[in-house]
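Engineer: sequence-free structure coming up:
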């Protein structure tokens, strides 16, 4: 049988969502640095506002440059559509706010980005949304934490910073048994390494600031809708299944079918909350997405060499990377991450906090800063920075010890990275 | 809105507006394995521009109770009974792909009930490849992949959705995956088995619009030439660079063409 072929990943990374500009012939995606779009006539304007015709109205809601990025990431993840946001945090907020109201509840992995943990622990409760954190390695714990008012399960493909591999099929089954969707933050994996929809996730979010953009120059986020969750059958999501007065009684599931969630996220979430991605940042992130497959391959190759070096170094107490047999999720990594487990990982330094301080200050190639996923190598001490708002118990749940140092391995020559680490480790033990 | 046809629940979306018996009606008929959502923009536009819209789910599709009907003639007669159920004497009927054959047959069998027939992405005969039929019969996902790849023009394979942020082929796959097992095969068989299209065309009395995508690989424009000649009078529009899923690929051109015709 002759099977039809969809365009493949590397091709989509370069082309999805864009055709050469019909007016100018521009091959690159043009940067549409505009706030608004001229209507053809009054009827055209009214039709756009009422979702009778598709198109751009105002760049808070959509923008042609940003739309290319949205389609491109949606294509790479295998979704029905995506909405870009001002940051990864804005993406998480939009993903939640599109379907949760005051009085609702989230069950989340405890091993997540500190900023996400902060939002769930301290900020969402002010708006009536509570979160229970559970062990990401225990799908039954997700099940046990579900309440009648639970509306979302959440976790990260690769936990931050311990790289706990979420058993997405198992957690998705728990979610679906309860009529709930599973939202995955797949920032560390990117669709090049892992595609959560293929394993049962319903929604995906990214901090596009990280590997998608890949060059540390633009903040952005994205929410991708898998289009698989049956909102109608669940019966728990009136924002999608009941008439919405904000659009003349529009019933999103009835009219948009599998695209209901992403249409609501844009037409309400961007319209009203307004955390849109700037077109300039969309343009920058698009340049990164074009080389995503090449960069991720090199990120992983470099990481493997750095991990091997650290694992054999006597100044290092432990290394946590799922490809090592010592990692609790080693078997899961082998089965589901054949292309690697990303380029962010952590290790413990002999000598604890003081040795860690000396180590970080002695590094020359690695930059000490609060980011990951840059083309340049980065280092940070989470307990005093990204996760400092957590108390001791939350730090323990998140697997963060005081000796933990997190690296984001970049694209430099791997020997230069190893030399830098070697020099700093020696300095740390003096 | 939910209706009762043959004592079974039938669903039609009305584009967010209540049905108004004083307005002219547009009946939108989807293709194989799909449902009313393929018409979302056209539905909303007509509903807010002085028309009743009935974007129906054929039996066994979307929200309409099954089973799926096995012949194009049977589906046309079902539409006739649906018009009775909703109290519409005559409607403009717009059909896509399999829906175009149903619209054609309805127009021939019940000419008094059709004011205009618009046939989108049509072909007579509508032969379906053995590979696609076999995959659909086995409920193999390859059938969905074939329809999705062959059903979108070359350009649409890389996206460019008019609605910002939507990914065309991903959306088509999810929609087709929602169909119950066997529905796609039943539909494709009905298309493949349909005979008498040219005869039906000769009996159509209303104005006919045929809209075809220049890059349509499922129903290329050449496969509708015989049909064009068989109608007493038909207007033909070919959309450049467009594939089979024209309502999604070129929603504005399809809408503007329909606005003029109906």
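Structural biologist: Sure thing, it's come through. Note that the structure is predicted; figures quoted are calculated from it, not measured.

Engineer: okay, CA-based contacts and neighbour counts for the rest of this
Structural biologist: OK.

Engineer: any chance you could map the strands in chain B?
Structural biologist: Under the criterion DSSP state E, strands of chain B are mapped to B:2-5, B:8-13, B:25-29, B:52-57, B:91-96, B:114-120, B:208-213, B:234-239.

Engineer: Enumerate every residue touching the residue nearest to residue B:95 when sequence neighbours are not counted.
Structural biologist: Nearest residue to residue B:95 in three dimensions, chain neighbours excluded: residue B:29, at 4.5 Å (CA to CA, 6 or more residues apart in numbering or on different chains). Contacts were defined as CA atoms under 8 Å, 6 or more residues apart in numbering or on different chains; by that measure residue B:29 touches B:36, B:55-58, B:93-96, B:99-100, B:102-103.

Engineer: Isn't residue B:219 up against residue B:129?
Structural biologist: No. The pair residue B:219 / residue B:129 is not scored as a contact, 11.6 Å apart, by CA atoms under 8 Å.

Engineer: Which one's more surrounded, the two?
Structural biologist: Taking neighbours as other CA atoms under 10 Å in any protein chain shown, residue B:219 and residue B:129 compare with residue B:219 leading, 26 against 11.

Engineer: Which of the residues in stretch B:224-235 are classified as buried?
Structural biologist: Of the residues in stretch B:224-235, those buried under the neighbour-count criterion (16 or more other CA atoms under 10 Å in any protein chain shown) are B:224, B:227, B:228, B:230, B:231, B:233, B:234.

Engineer: Can you spell out the domain ranges of chain A, please?
Structural biologist: Taking automatic domain parsing as the criterion, chain A consists of the domains A:45-288, A:291-428.

Engineer: Excluding chain neighbours, give the residue nearest to the residue of chain A found nearest chain B in space.
Structural biologist: The nearest approach of chain A to chain B comes at residue A:81, 4.0 Å away (CA to the nearest CA). Setting aside the residues directly before and after it, residue A:81 is nearest to residue B:166 in space (CA to CA, 6+ apart), at 4.0 Å.

Engineer: And for residue A:27?
Structural biologist: Excluding the flanking residues, the one nearest residue A:27 by CA to CA, 6+ apart is residue A:20, at 4.9 Å.

Engineer: gap between that neighbour and residue A:30?
Structural biologist: Per CA to CA, to the nearest Å, residue A:20 is found 9 Å from residue A:30.

Engineer: Spatially central residue for the chain, please.
Structural biologist: Since no chain was named, I'll use chain A. To find the centre residue of chain A, average its C-alpha atoms and take the closest one (CA atoms, centre = their mean): that gives residue A:206, at 2.1 Å.

Engineer: nope, chain B please
Structural biologist: Short answer for chain B (CA atoms, centre = their mean): residue B:96, at 2.6 Å.

Engineer: how close does that residue get to residue B:232?
Structural biologist: As defined by CA to CA, residue B:96 lies at a distance of 21 Å from residue B:232.

Engineer: follow-up on the earlier one: tell me how many other residues surround the residue nearest to residue A:27.
Structural biologist: The burial count assigned to residue A:20 is 13, neighbours taken as other CA under 10 Å.

Engineer: next one: the one 5 residues further on
Structural biologist: Residue A:25: 9 surrounding residues under other CA under 10 Å.

Engineer: Determine the three-state secondary structure at it.
Structural biologist: Reduced to three states with DSSP: H, G, I helix; E, B strand; the rest coil, the structure at residue A:25 is coil.

Engineer: Am I right that residue A:132 is in a helix?
Structural biologist: No. Going by three-state DSSP, the assignment for residue A:132 is strand, not a helix.

Engineer: If we ignore the residues flanking it in sequence, what's nearest it?
Structural biologist: The shortest distance from residue A:132 to any residue that is not its chain neighbour, by CA to CA, 6+ apart, is 5.0 Å, and that residue is residue A:107.

Engineer: and the angle from the helix or strand harbouring that neighbour to strand A:130-134?
Structural biologist: Residue A:107 is located in strand A:105-109, with elements delineated by DSSP states H and E. Compare the direction of strand A:105-109 with that of strand A:130-134 by axes from the mean of the first three to the mean of the last three CA atoms, to 10 degrees and you get 30 degrees.

Engineer: Which elements pack onto strand A:105-109?
Structural biologist: Helices and strands touching strand A:105-109, by 3 or more CA pairs under 8 Å, 6 or more residues apart in numbering or on different chains; DSSP states H and E, are strand A:130-134, helix A:139-145, strand A:150-156.

Engineer: Repeat the analysis, applying 10 Å as the threshold.
Structural biologist: Here strand A:105-109 is seen to pack against helix A:114-118, strand A:130-134, helix A:139-145, strand A:150-156, strand A:182-185 when contacts are counted using 3 or more CA pairs under 10 Å, 6 or more residues apart in numbering or on different chains; DSSP states H and E.

Engineer: who wins for proximity to residue B:125 among the ones you listed?
Structural biologist: Using CA to CA as the criterion, the shortest distance between residue B:125 and the helices and strands packed on strand A:105-109 is 44.9 Å, found for strand A:182-185.

Engineer: what about the closest one, distance to the chain center?
Structural biologist: Its chain's C-alpha centre and that of strand A:182-185 lie 9 Å apart, by CA atoms, centre = their mean, to the nearest Å.

Engineer: Parallel or antiparallel, list what pairs with it.
Structural biologist: Strand A:182-185 has these partner strands in its sheet, going by DSSP bridges: strand A:150-156 (parallel), strand A:203-207 (parallel).

Engineer: residue boundaries of the strands in the stretch 251-400 of chain A?
Structural biologist: Taking DSSP state E, counting those that start in this stretch as the criterion, the stretch 251-400 of chain A carries its strands at A:316-320, A:344-349, A:367-368, A:378-380.

Engineer: Could you count how many residues lie near the closest residue to chain A within chain B?
Structural biologist: Nearest residue of chain B to chain A: residue B:166, at 4.0 Å (CA to the nearest CA). By other CA under 10 Å, the residues close to residue B:166 number 30.

Engineer: and if you look at the one 3 residues further on?
Structural biologist: Using other CA under 10 Å as the criterion, residue B:169 is surrounded by 25 other residues.

Engineer: before we move on, what about residue B:179?
Structural biologist: Counted by other CA under 10 Å, the residues lying close to residue B:179 total 17.
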